[in-house]
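coordinates for the following, if possible.
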Amino acid sequence: MAQSYDAVVIGGGHNGLISAAYLARAGLKTLVLEQRSVLGGAAVTEELFPGFRFSVFSYVVSLLRPEIIRDLQLPKHGLDILPLDGTFTPLHKGDGPKAGGGDYLWRVNDHGRTIRELRRWSALDAEAYEEYGQLMVEMARFIKPILAITPPDLTSRDLRPMLPLAGLARRFQALPERQQAAFVQLMTMSASDFLDQWFETDPLKATMSASGIIGTYQGVKSPGTAYVLLHHYMGEIDGAFRAWGIPKGGTGGVSNAIGDAARALGAEIRTEAPVASIIVRGGRAVGVALESGEEIHADSILSSLDAHRTFMGLLESGTLEPSFEEEVRRFKFRGSSGKVNLAVDRLPDFTCLPGIGEHLRGAISFSPAIDDMETAYDDAKYGHFSRKPYIDMIIPTLVDPTMAPPGKHVISCFVQYAPYKLAPELGTWDDQREAFGDAVIDRVAEFAPNIRDIILYRNVQTPLDIERTTGLTEGNIFQGELSLEQLFFNRPVPGYARFRTPVRDLWLCGSATHPGGGIMGANGRIAALEVLRARGRKAA
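Numbering: from 1, shown residues only. Predicted coordinates:
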C-alpha cells in the first residue's frame with residue numbers, strides 16, 4: 001500500500017522546508033521530497049573542487065524573516081549569519097577625485113566612515129545619504145507588513161481578506177506627504193531616475209542601482225526597477241534594515257538549519273526522491289508519483305517548485321482550464337543571471353587600492369558608472385551576455401575560512417547579464433559557457449590584473465546550468481521576475497495569489513508566490529498557515 005501523510009511538500013528548497021516545519025509544528029504528519037542529494041534548492045553549499053566549498057548559486061542572506069528565525073529557533077539548529085562589511089566599488093585609472101592608479105568608492109557599516117568617504121566625492125551626496133537612508137528605512141517599515149499577509153482575491157465577494165489592505169491604506173494616508181510621493185515613485189520609476197533625484201556621484205548611483213536589477217531582465221533605466229531596489233532594502237539582520245550577511249558554512253547552512261528544525265518538529269525529509277507527477281482524482285490532488293514508480297498519498301500537496309514546473313510539468317494534460325494554462329505561460333521568467341565560482345591560491349590585488357585589506361571583506365561591486373550598467377543591459381537585449389558585465393563579488397573565506405584549505409580562498413561572482421535565450425548566432429549556452437566565464441574574468445582583470453594568475457579552479461554557472469541543476473525555469477533566481485505586474489494580486493496568476501491552485505488541496509509555497517524571491521521564507525510560512533487555516537487547524 002502507498003504511504004499516507006497529512007501533507008507532502010514537493011521540493012526541499014528553503015521555502016518548502018519552512019512550510020514543512022510549520023505544518024509539522026502544528027501536528028501534521030509531513031513529508032518533504034527533494035530530487036537532489038542535498039537540501040536547499042538554489043541555497044546550497046557544495047564542494048565543487050577538493051577542499052573548496054561554495055555557495056554555488058545563492059550566496060548572501062538578508063531577507064530571511066525574523067519571525068521564522070524565532071519560530072523555528074534556527075540559531076539552535078546551527079544558523080549563524082556573519083556580517084558582510086560594506087561595499088567596495090573599484091574604478092578605472094583617472095576616474096574619481098583621487099589621482100594615481102585609480103579611485104574607488106567604499107561604503108562600510110560604520111556610518112561615520114561612509115559619510116566621510118562620500119564627502120570626499122560630494123558634500124551634497126554625503127548630506128543626502130543620511131536622509132535617503134532614513135527614507136528607505138521608513139518605506140521598508142511601511143511595506144514590511146505586506147510580507148506577512150496573503151494577497152486578497154479581487155474577484156471574490158468576500159471582503160474579509162481585504163481588511164489588511166484597508167489597514168495599509170490608512171497607514172499610507174498617515175504618511176507624511178513627502179513619503180507618500182516617494183512610495184509612488186518607488187512603485188513606478190527606474191532605479192536610475194529615482195537615485196538621480198538624490199545623488200550626483202556616478203559610481204554611488206551605479207552601485208546602489210544594482211539592487212534594482214538583481215535577477216531581472218531589465219536595465220537600471222527601466223521603469224519599475226526602483227521597486228526591486230526597495231525589495232532588497234527590506235532585508236534585516238538583528239533588526240538592522242539593509243544589513244547583509246554570509247551564512248557560516250555557505251547558504252547551505254541556512255537550508256540545513258531549516259531542515260534540522262523541520263525534522264526536530266517531526267517532519268520527514270527524503271532526498272534523491274524526484275517527483276514525476278501529482279496525482280489528481282475528481283479535481284483534487286491526492287498524492288504524488290515518484291520517478292521510481294512509488295506513489296505517496298496525502299491530504300494536502302504543497303509544491304515549492306515554480307508555477308511553470310508545477311502546472312505544466314507535474315499535472316496531466318487537460319487537468320487545468322486552458323485559460324489558466326495560458327496565464328501560466330504568460331508569467332515571465334526571463335533568466336538573466338549567471339555565476340562564476342573561483343578557487344584561488346591568493347587574494348585579488350586591486351590597482352586602485354593594492355594589497356590585502358578590509359576592503360576585500362565586504363561586497364566588491366563592479367559598477368563604475370550608470371552608463372556601464374545600462375550598456376551591459378544593451379548586450380542582453382539582443383541575446384548576448386554582457387561583454388563588460390555587472391559583477392557582485394564576495395570572498396566568503398575572509399569571513400568564514402572553513403570554506404577552503406588553509407591559505408586558499410573561494411570567490412563568488414554573481415553576474416548580470418546572462419540572458420537565458422541567446423541570439424541564434426551564438427548557439428547554445430553549452431557552446432558559450434567558457435566564453436561567458438572569460439568575459440567575467442576579463443572584467444575583473446580590468447581592476448585586479450592578477451586575477452588570472454591566482455585561479456586554481458573555475459566553475460561557470462549559466463542560466464541553463466542553473467535550470468538543469470535546481471529546476472528553476474530559465475534559471476530565474478526568483479522563480480519569476482519581480483516586475484510590478486507579477487507581484488501581490490498577480491503572483492503567479494491573477495485570482496490565484498492566495499497560495500491555492502485550481503486543483504483542490506494543491507498549493508504553491510515557493511518564490512513564485514507572494515512576496516517574491518530571495519532567501520526570505522515568507523512564502524513558505526504563509527502557505528503553511530493558509531493550509532492549516534483551510535484544514536481548521538491552528539498554527540502552533
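
from now on I want contacts and neighbour counts done on CA atoms only, so please keep to that.
Noted.

hmm, residue 279 is touching residue 287, no?
Yes. Counting by CA atoms under 8 Å, residue 279 does reach residue 287; the two are 5.0 Å apart.

more neighbours: which of those two?
Remark: of residue 279 and residue 287, residue 287 carries more neighbours, 26 against 20, as counted by other CA atoms under 10 Å.

now the phi/psi pair for residue 320, please.
Phi and psi for residue 320, reported as degrees, to the nearest 10, are phi -100, psi 150.

does the residue nearest to it when sequence neighbours are not counted count as helix, strand or coil?
Distances taken as CA to CA, 6 or more residues apart in numbering place residue 502 nearest to residue 320, at 7.2 Å, with adjacent residues excluded. The three-state label given to residue 502 by DSSP: H, G, I helix; E, B strand; the rest coil is coil.

was I right to think residue 502 contacts residue 322?
No. The criterion here is CA under 8 Å, and residue 502 misses it with residue 322 at 11.7 Å.

higher neighbour count, those two?
Between residue 502 and residue 322, counted using other CA under 10 Å, the more crowded position is residue 502 (16 against 11).

how far away from the center of its chain is stretch 345-361?
Per CA atoms, centre = their mean, to the nearest Å, the displacement of stretch 345-361 from the mean C-alpha position of its chain is 27 Å.

ok, and what's touching that stretch?
Stretch 345-361 has contacts (CA atoms under 8 Å, 6 or more residues apart in numbering) with 84-85, 87-88, 90-93, 101-104, 106, 394-396, 398-399, 407-409, 447-451, 454-456.

for residue 24, what are its contacts?
Counting by CA under 8 Å, 6+ apart, residue 24 makes contact with 30, 262, 265, 266, 267.

could you dump these into JSON lines with secondary structure and neighbour count added?
Converted to JSON lines, the contacts of residue 24 look like this (DSSP: H, G, I helix; E, B strand; the rest coil; neighbours: other CA atoms under 10 Å):
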{"residue": "30", "secondary structure": "strand", "neighbour count": "28"}
{"residue": "262", "secondary structure": "helix", "neighbour count": "28"}
{"residue": "265", "secondary structure": "coil", "neighbour count": "20"}
{"residue": "266", "secondary structure": "coil", "neighbour count": "20"}
{"residue": "267", "secondary structure": "coil", "neighbour count": "25"}
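
okay if I get those residues as a markdown table plus pLDDT and distance to residue 513?
Shown next, in a markdown table, are the contacts of residue 24 (pLDDT from 0 to 100; distance: CA to CA, whole Å):
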| residue | pLDDT | distance to residue 513 |
| --- | --- | --- |
| 30 | 98 | 21 |
| 262 | 98 | 21 |
| 265 | 98 | 25 |
| 266 | 98 | 26 |
| 267 | 98 | 23 |
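
could you dump these to JSON lines with distance to residue 439?
Formatted as JSON lines, the contacts of residue 24 follow (distance: CA to CA, whole Å):
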{"residue": "30", "distance to residue 439": "46"}
{"residue": "262", "distance to residue 439": "42"}
{"residue": "265", "distance to residue 439": "47"}
{"residue": "266", "distance to residue 439": "47"}
{"residue": "267", "distance to residue 439": "45"}
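
which among those gets closest to residue 310?
Residue 310 lies nearest to residue 30 out of the contacts of residue 24, by CA to CA, at 19.2 Å.

chain neighbours aside, what residue packs nearest to residue 310?
Here the nearest residue to residue 310 in space, its sequence neighbours aside, is residue 303; by CA to CA, 6+ apart that works out to 6.8 Å.

right, I mislabeled it, should have said residue 421
Residue nearest to residue 421 in three dimensions, not counting chain neighbours: residue 383, with 6.3 Å by CA to CA, 6+ apart.

how many other residues sit next to that neighbour?
Residues lying near residue 383 (other CA under 10 Å) number 19.

same question, residue 487
Residues near residue 487, counting by other CA under 10 Å, number 21.

that one reaches residue 517, doesn't it?
No. Contact between residue 487 and residue 517 fails when scored by CA under 8 Å: they sit 10.7 Å apart.

name the residues contacting each of those two.
Shared contacts of residue 487 and residue 517, defined by CA under 8 Å, 6+ apart, are absent.

that older thread, what do residue 279 and residue 287 both touch?
Residues touching both residue 279 and residue 287 by CA under 8 Å, 6+ apart: none at all.

got any ranges where this structure has weak pLDDT?
Scanning the chain for pLDDT under 70 picks out the ranges 1, 94, 98-101, 154-157, 159, 161, 234-243.

and the residue nearest to the spatial centre of it, what does it touch?
With distances taken as CA atoms, centre = their mean, the residue of the chain nearest its centroid is residue 518 (2.6 Å). Applying CA under 8 Å, 6+ apart to residue 518 gives the contacts 63, 477, 478, 511.

repeat that for residue 164.
With contacts defined as CA under 8 Å, 6+ apart, residue 164 is in contact with residue 149.
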